[in-house]
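Undergrad: pasting the sequence and the predicted model now:
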Amino acid sequence: MTLTLHDIKVWNTGEVIDLVVPSDTDASVDASAMTIAPGFEDPHVHFRDPGQTYKESMISGCAAAASGGYTNVLIMPNTVPAMDGVKVEAGQPGASEVLDAGYDTVIDYLQHYEAAHGVKLPVRYDLCVCASKGRAGHEATEVADWIGYLPGHGDEHKDAYQLAHPVTAISDDGSAVTPSILEQVFENVKESGLYLIEHCEHHDTGAVNDGPVSRKLGVPGIPEDTELKIVERDIDMSRKTGVHVHFQHVSTAISFDAIRKAKAEGLPITCETAPHYIALNDEALLKYGTLAKMNPPLRSEADRQATIAAVADGTVDLLATDHAPHTMEEKELGFLDAPNGIIGLECAYA
Ligand code: DOR
């Protein structure tokens, strides 16, 4: 018996093929309206496990990824406790989930998640370690606390070769690396041979993009150059140190211009944007309210057009969802208090 899928369009060539899959079912599926693609990889997801599993768990997050066509994800370190390699203390928020499962760091807990929970997750995942302890921005993490989890790090860490979920990047995602630890973090990144994933914003005020929409809503705005300041700072650090910096969810024309120039200079700079900066501008806040509140915020139509142009000309290296689930109760708190974040895994490709 065979399963025949007719007239399938191949994702990256547009070629139309008939796919014959050996099967024990005598079935024919009309797949003429479908697209066949390799499994997608998402280098930017928030799965909230441990600590905030009422928003998302490893199980629900991996299911969302699989249903959107993803086969690999990179988990950001703003779990509770944070994924910083430091031993979790009893009584700390989220600590019981880690300790009760029999592990003493978040990295170890996620390393052995399937065994500890008796589940088989449908996608592969790697881990991103914090740049600062507790992701608090005061003290850089200790390389010794996480270097043993790098893929194939070295003979003194033989287990690393077998790791199913290695640490493959460093980030304080949710915020940019703070100025007081910047040099130490770049040293750590260099020592580890990994790369820095930078959330390019420092702002204490502001909830949505600064502009006519923020004024109409009466909500404090986040200026566009908030993002640019971190992009420029880190391009400069990359030039000085040779460290690869990857900018997350870039959202403004002025940042894309700076990144374009840095790439033309030959610096080890890459960047991503997210589907929402391509599909939506800040007018979406008027329709969807806080469901469209995220960091960085949805920008102007001019910035949206600049984002599309940056994808088209290759300034954007990859698309990442920044899948960041929150509960409806939290999203109903109003523009000032609702948390930032929008989900994306299930609908990004579509
Ligand atoms: O909107 C966001 N939400 N941006 C981030 O960078 C973090 C994320 C979250 O974890 O909720």
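TA: That came in fine, so what should we check first? None of the values given here were measured: they were computed from a predicted structure.

Undergrad: tell me how many other residues crowd residue 81.
TA: Using other CB atoms under 10 Å, residue 81 has 24 neighbouring residues. Where C-beta positions appear, they are placed from N, C-alpha and C, glycine not excepted.

Undergrad: going forward, count from 790.
TA: All set: I'll call the first residue 790, so the last point we hit is now residue 870.

Undergrad: just checking, it touches residue 879?
TA: No. Proximity of residue 870 to residue 879 does not meet the contact threshold set by CB atoms under 8 Å, at 11.3 Å.

Undergrad: now do the contacts for the residue of the stretch 840-989 of the chain found nearest the ligand.
TA: Proximity to the ligand, evaluated over the stretch 840-989 of the chain using CB to the nearest ligand atom, is greatest for residue 963 at 4.5 Å. By CB atoms under 8 Å, 6 or more residues apart in numbering, residue 963 lies in contact with 865, 867, 924, 988, 1084.

Undergrad: got the phi and psi for the first one?
TA: Here the main-chain torsion angles of residue 865 (degrees, to the nearest 10) amount to phi -70, psi 160.

Undergrad: now do the strands in the stretch 940-1089 of the chain.
TA: 956-960, 985-987, 997-998, 1010-1011, 1034-1036, 1058-1062 (DSSP state E, counting those that start in this stretch).

Undergrad: quick one: the residue nearest to residue 902 when sequence neighbours are not counted and residue 861, what's the gap?
TA: Nearest non-adjacent residue to residue 902, counting by CB to CB, 6 or more residues apart in numbering: residue 847, 5.3 Å away. Computed as CB to CB, to the nearest Å, the residue 847 to residue 861 distance reads 14 Å.

Undergrad: give me the pLDDT value at the closest residue to the ligand within the stretch 940-1089 of the chain.
TA: The nearest approach of the stretch 940-1089 of the chain to the ligand comes at residue 1083, 3.4 Å away (CB to the nearest ligand atom). For residue 1083, the pLDDT comes out at 97.

Undergrad: ok, residue 998 next?
TA: Among the per-residue scores, residue 998 holds a pLDDT of 97.

Undergrad: I'm done for today, thanks for sticking with me.
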